[in-house]
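Visitor: Model the following, please.
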Amino acid sequence: MPVELGIWRIDGDVREVVFEPMEQESRLESLLEQDISIAAPHLMVIGRQVRTSFDKVIDLLAIDVEGNLAVLELKRDKTYRDIVAQVLDYGSWVKSLRDEDIARIYNDYLKRWQPTRHAVSINEAFCTRFKVNAMPEELNGGHELIIVAASLDPSTERIVGYLAEHHDVSINAVFFRFFREEGREYLSRVWLREPAATVSEPEPDSKNGIWNSEYYVSFGGDRDWEGARRYGYIAGGGGAWYSNTLSLLEKTRFGLT
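Guide: As a prediction, this is how the structure comes out:
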């Protein structure tokens with residue numbers, strides 16, 4: 001059934017706080033980019049206004065602690081059924097993203113939207129956000145689709161439920177309502193379906209344990225360990241995902257130049 005959320009002020013006379021449309025949905029997009037936990041505490045934003053290979057634009061792209069991606073799409077001026085078709089189409093594109101594509105999207109995101117953080121690698125940001133020692137070895141093993149809207153019509157809610165329950169599509173909707181009262185602004189949130197994941201603190205006795213401050217590097221292909229020792233280098237190839245990892249190393253620890 002359609003989700004309806006109301007707020008009443010009760011410190012005095014009981015008075016309903018009236019819902020108002022947000023002037024610009026781009027403001028909600030900015031708020032979610034600033035603090036994605038408003039919508040989903042288990043995510044970290046890695047892209048905003050991400051252009052796909054078929055020249056469409058994803059509002060927000062995020063990642064969870066297991067390396068799975070999440071598409072967040074604001075309804076804007078799309079019809080209800082158009083938004084469902086849109087996120088499914090985006091899912092077909094996101095599924096094909098490789099590790100180096102994800103690193104490139106994140107680097108582009110920092111350059112355009114977070115220029116003061118342009119030197120922060122996705123590895124560093126991920127480890128800080130989720131309080132882990134390293135990113136998963138394999139990314140994008142799965143993805144979720146999240147529709148962001150003030151409301152959905154009953155038919156669209158049924159479609160979302162049908163896809164999730166009978167076809168195992170990881171799709172959900174999160175509803176926001178904007179309220180203004182006596183110069184203050186409020187944002188409320190409710191999920192259509194119970195969110196599947198939340199951020200949890202690492203267990204003290206987890207298999208990752210406490211990092212011992214040691215780094216490990218493997219050599220192969222046309223680079224050999226004896227040459228690295230002789231000339232004092234460590235190199236990474238195969239794309240930005242691999243070369244960006246080198247920024248985690250500390251030169252003084254190894255005496256590299």
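Visitor: Below-threshold pLDDT in this protein: ranges please.
Guide: The model of the chain has pLDDT under 70 over residues 1-5, 21, 196-223, 236-257.
Visitor: rerun that using 50 as the cut-off
Guide: The model of the chain has pLDDT under 50 over residues 1, 200-206, 252-257.
Visitor: Now do the strands for this protein: every range, in order, please.
Guide: 7-9, 15-17, 19-20, 43-51, 57-64, 69-74, 143-149, 171-181, 184-191 (DSSP state E).
Visitor: Format the ones you listed as JSON lines; extra columns: distance to Lys131 and mean neighbour count.
Guide: Where you see a C-beta, it was placed from the backbone N, CA and C, and this is true even at glycine. As requested, the strands of the chain are exported to JSON lines (distance: least, CB to CB, whole Å; neighbours: other CB atoms under 10 Å):
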{"stretch": "strand 7-9", "distance to Lys131": "33", "mean neighbour count": "12"}
{"stretch": "strand 15-17", "distance to Lys131": "36", "mean neighbour count": "13"}
{"stretch": "strand 19-20", "distance to Lys131": "36", "mean neighbour count": "14"}
{"stretch": "strand 43-51", "distance to Lys131": "12", "mean neighbour count": "21"}
{"stretch": "strand 57-64", "distance to Lys131": "13", "mean neighbour count": "22"}
{"stretch": "strand 69-74", "distance to Lys131": "19", "mean neighbour count": "24"}
{"stretch": "strand 143-149", "distance to Lys131": "21", "mean neighbour count": "23"}
{"stretch": "strand 171-181", "distance to Lys131": "24", "mean neighbour count": "19"}
{"stretch": "strand 184-191", "distance to Lys131": "24", "mean neighbour count": "12"}
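Visitor: among those strands, which is nearest Ser121?
Guide: Proximity to Ser121 (CB to CB) singles out strand 43-51 among the strands of the chain, at 11.7 Å.
Visitor: the inter-axis angle of the closest one versus strand 57-64?
Guide: 160 degrees (axes from the mean of the first three to the mean of the last three CA atoms, to 10 degrees).
Visitor: which strands and helices sit next to strand 43-51?
Guide: helix 25-34, strand 57-64, helix 99-113, helix 122-130 (3 or more CB pairs under 8 Å, 6 or more residues apart in numbering; DSSP states H and E).
Visitor: List the pairing partners of the second one within its sheet, with orientation.
Guide: What that stands for is strand 57-64. According to DSSP bridges, strand 57-64 has the following sheet partners: strand 43-51 (antiparallel), strand 69-74 (antiparallel).
Visitor: Quick one: residues contacting the nearest residue to Phe179 once chain neighbours are set aside.
Guide: Nearest residue to Phe179, sequence neighbours excluded (CB to CB, 6 or more residues apart in numbering): Tyr186, at 4.2 Å. Residues in contact with Tyr186 (CB atoms under 8 Å, 6 or more residues apart in numbering) are 7, 17, 178-180.
Visitor: do Asn140 as well
Guide: For Asn140, the contacting residues are 67-69, 94-95, 97-99, 102, by CB under 8 Å, 6+ apart.
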